[in-house]
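>>> this one's structure only:
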DNA sequence: CAAGGTTATGCATTTTTTGCATGACCGGAT
DNA sequence: ATCCGGTCATGCAAAAAATGCATAACCTTG
């Protein structure tokens, strides 16, 4: 049996979709399907009821779910100890967040929280949205901060996980700033000469958000993808260098706008408002986390 | 990470020898060596200090050992539950023993114990000696019954595991019974016409015992291996059918001797006395097991 | 019942694991 | 010191397993 299979299974429990989890786990759907079957074969019991869609867990699957979480957590803990990783200092909170938020939103947010609450020792786990969610589910972090949009909701059982909205972030198109503050490229572009487009990798969360922005404007755009990466910061530096237009979260471009390195590259129609949320498991919070959570809830209200 | 690697590691902790564990785990030494390395790579820390022999565990290895045991136990438990295996009835004891003892020694021993102690509900896990030992180490059983011989000692830390001798078993050569109670084949055989020999598979515990018996007699023997299997019962049926000579534990042949299906096929020199032992973990015994153990200790003394 | 989605299957390819042969190394003997 | 019997590591070819692609089978929904 492979640890990988447990991660597959947990992802599947989240999404209830083989094809979607396959994508998120970076394998093809057939390969993913066979890994789940391998896990079922090892167990000697079916975990998934595939007779309908969305798929459901069998009773055995329900039972096994908590075991899988525990096993994975134990494996991670064992590895951490063998590595001699310094155990967390008392009252240190483990945050999981997507790269973009870790680099942009988080530092300012934390400063603001500390101003009202007092110092918070933190350890950051920066990954992609999907893995960050898995980290929370597996108990690898205390708090998860991520984006949310009704069209791309984060799949976390409200019965188990509690949520607070932290703010709103808008995703808009930007390009390098030319003379007189005019962007070097501007949506929608022309058919004869499509705009160079700096895109998110297809499986990135913001990729779907950028698509939404383009859809929502209900105007035909002319784009030619010249670069792809899964981190907003990666697109940003390319945009600054004048390689094209990129959809970027507002908090990532504050300084660049002020310094006139970037400029808005399209009308307000091409924007998506995303919520930034923080999640925690309802059960088992430390007293310190409990106190912080109360503070956040009060501050938000 | 693979569960298999954990089993490899536990076996290695037992034997402290790559080549020996490789044999017991039915892979070649290089393959085994690489699997341990794979585990170390996944952990990000060395587990084994290979600079001397017998190998030692590194501090990380020591720490990881208990985690490995726990992980494996958790995996087995998760699987059992997913399979919906009926949990053990209260006060049911799980015995791990080699096949041979399960078929021969155990039934009679248990009857005798129950005569003095009262009924004992039991579940049997019959495997080979090595896996039976691993089962005890992994917490997969409450009691381990196995052979012991000074030249092939069972590797269990006396500080963690307690032992009681249950009796003595002798391994002797037998062959099908011919006319007048004379065995069809008899040691030592002749150079011109070697005896057909029914042998244990090289990695079986009794294989080593049979070799010892042949060594101890200090007489040249003429044998030609015609059959190999790892279970004494397998050799016994072949011997009864007249296929050759086999070394068998006394308790396996009681009925066959009485019914003149088998006869002793060699002088008393070709015998090895093995001890039958029962082991348990010192810590964490149920009250019922505690009572039984006290009874066994008293009966043995 | 057709359309658009989902998961399963057959097959060729790639990746990984294994075994064999051999090398490097350690410790205890001559 | 040097041989020797043993150990574990490494190179390489062969075997085994996992993967991706194309496509079939299937379910849900309008």
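Received, thanks. On a predicted model such as this, the values are computed, not experimentally measured, just so you know.
>>> quick one: contacts for the residue in the stretch 201-301 of chain A positioned nearest to DNA strand D?
Residue of the stretch 201-301 of chain A nearest DNA strand D, by CB to the nearest atom of the strand: residue A:203 (12.3 Å). Where you see a C-beta, it was placed from the backbone N, CA and C, and this is true even at glycine. The neighbours of residue A:203, taking CB atoms under 8 Å, 6 or more residues apart in numbering or on different chains as the test, are A:23, A:24, A:26, A:128, A:230.
>>> Roughly how far does it sit from chain B?
24 Å (CB to the nearest CB, to the nearest Å).
>>> try residue A:70
7 Å.
>>> Skipping its backbone neighbours, what lies nearest that residue in space?
Spatially, and ignoring its direct neighbours in sequence, residue A:70 is nearest to residue B:74 (6.6 Å; CB to CB, 6 or more residues apart in numbering or on different chains).
>>> Local confidence estimate at that neighbour?
pLDDT for residue B:74: 90.
>>> where does chain A dip in pLDDT?
A:87, A:301 (pLDDT under 70).
>>> on contacts alone, who are the packing partners of the longest strand that it contains?
Ranked by number of residues, the top strand in chain A under DSSP state E is strand A:161-176. Contacts defined by 3 or more CB pairs under 8 Å, 6 or more residues apart in numbering or on different chains; DSSP states H and E place strand A:161-176 against helix A:105-117, helix A:205-216, helix A:232-240, strand A:245-249, strand A:262-264, strand A:272-281, helix A:287-300.
>>> how does it look with 7 Å?
helix A:205-216, helix A:232-240, strand A:245-249, strand A:262-264, strand A:272-281, helix A:287-300 (3 or more CB pairs under 7 Å, 6 or more residues apart in numbering or on different chains; DSSP states H and E).
>>> Could you tell me which residues within stretch A:171-178 count as buried?
Residues of stretch A:171-178 classed as buried: A:171, A:172, A:173, A:174, A:175, A:176, A:177 (neighbour count, 16 or more other CB atoms under 10 Å in any protein chain shown).
>>> Centroid-nearest residue for chain A?
Compute the mean C-alpha point of chain A, and by CA atoms, centre = their mean the closest residue is residue A:129, 1.9 Å away.
>>> my read: it touches residue A:98, true?
Yes: the pair residue A:129 / residue A:98 is scored as a contact, 4.9 Å apart, by CB atoms under 7 Å.
>>> Now for those two: what residues contact both?
A:146, A:205 (CB atoms under 7 Å, 6 or more residues apart in numbering or on different chains).
>>> which residues touch the residue nearest to residue A:70?
If you count contacts by CB under 7 Å, 6+ apart, residue B:74 has them with A:70, A:71, A:74.
>>> What is the nearest of the residues you listed to residue A:281?
Nearest to residue A:281 out of the contacts of residue B:74 is residue A:70 (CB to CB; 13.6 Å).
>>> what residues does stretch A:221-230 touch?
Residues contacting stretch A:221-230 (CB under 7 Å, 6+ apart): A:128, A:187-191, A:194-201, A:204, A:214, A:235, A:238, A:243-244.
>>> Now the buried members of those.
A:128, A:187-189, A:195-200, A:204, A:214, A:235, A:238, A:243-244.
>>> How about the residues of chain A by chain B?
With the criterion set to CB under 7 Å from any CB of the partner chain, chain A comes near chain B through A:1-3, A:43-45, A:60, A:63-64, A:67, A:70-71, A:74-75, A:78-79, A:81-84.
>>> which residues in the stretch 1-150 of chain A form helices?
A:3-15, A:18-24, A:29-43, A:59-82, A:99-103, A:105-117, A:129-137 (DSSP state H, counting those that start in this stretch).
>>> Same list (the ones you listed) but as TSV, adding distance to residue A:183.
Listed next are those as TSV, based on distance: least, CB to CB, whole Å:
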stretch	distance to residue A:183
helix A:3-15	37
helix A:18-24	33
helix A:29-43	40
helix A:59-82	45
helix A:99-103	21
helix A:105-117	24
helix A:129-137	28
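>>> Of those, give the one that comes closest to residue B:162.
Proximity to residue B:162 (CB to CB) singles out helix A:59-82 among these, at 27.3 Å.
>>> Run the angle between that closest one and helix A:129-137 for me.
90 degrees (axes from the mean of the first three to the mean of the last three CA atoms, to 10 degrees).
>>> close to DNA strand C, is helix A:59-82?
No: Helix A:59-82 is not in contact with DNA strand C by CB under 7 Å from any atom of the strand; minimum separation 12.8 Å.
>>> does residue A:242 sit in a helix, a strand or a coil?
Using DSSP: H, G, I helix; E, B strand; the rest coil, the secondary structure recorded for residue A:242 is coil.
>>> rewinding a little: just the ones in strands from the contacts of stretch A:221-230, please.
A:195, A:196, A:197, A:198, A:199, A:200.
>>> could I get those as CSV with distance to residue B:141?
Formatted as CSV, the ones in strands among the contacts of stretch A:221-230 follow (distance: CB to CB, whole Å):
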residue, distance to residue B:141
A:195, 69
A:196, 67
A:197, 63
A:198, 61
A:199, 57
A:200, 53
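>>> Show me the two of those that sit farthest apart.
It's A:195 and A:200 that sit farthest apart of the ones in strands among the contacts of stretch A:221-230, by CB to CB, at 15.8 Å.
>>> What count of nearby residues applies to residue A:154?
21 (other CB atoms under 10 Å in any protein chain shown).
>>> Then the one 4 residues further on?
For residue A:158, the number of neighbouring residues by other CB under 10 Å comes to 9.
>>> For my notes, confirm it occurs in a helix.
No: read with three-state DSSP, residue A:158 is coil and lies in no helix.
>>> what residues are up against it?
Applying CB under 7 Å, 6+ apart, no residues qualify as near residue A:158.
>>> Repeat that for residue A:202.
Per CB under 7 Å, 6+ apart, neighbours of residue A:202: none.
>>> Find the closest residue to DNA strand D in the stretch 1-150 of chain A.
Closest residue of the stretch 1-150 of chain A to DNA strand D, CB to the nearest atom of the strand: residue A:52 (2.9 Å).
>>> Contact residues of chain A facing DNA strand D?
Residues of chain A found near DNA strand D (CB under 7 Å from any atom of the strand) are A:26, A:27, A:28, A:30, A:31, A:34, A:35, A:38, A:51, A:52, A:53.
>>> List only buried entries from the residues you listed.
Among the residues of chain A next to DNA strand D, those buried by neighbour count (16+ other CB under 10 Å) are A:27, A:35.
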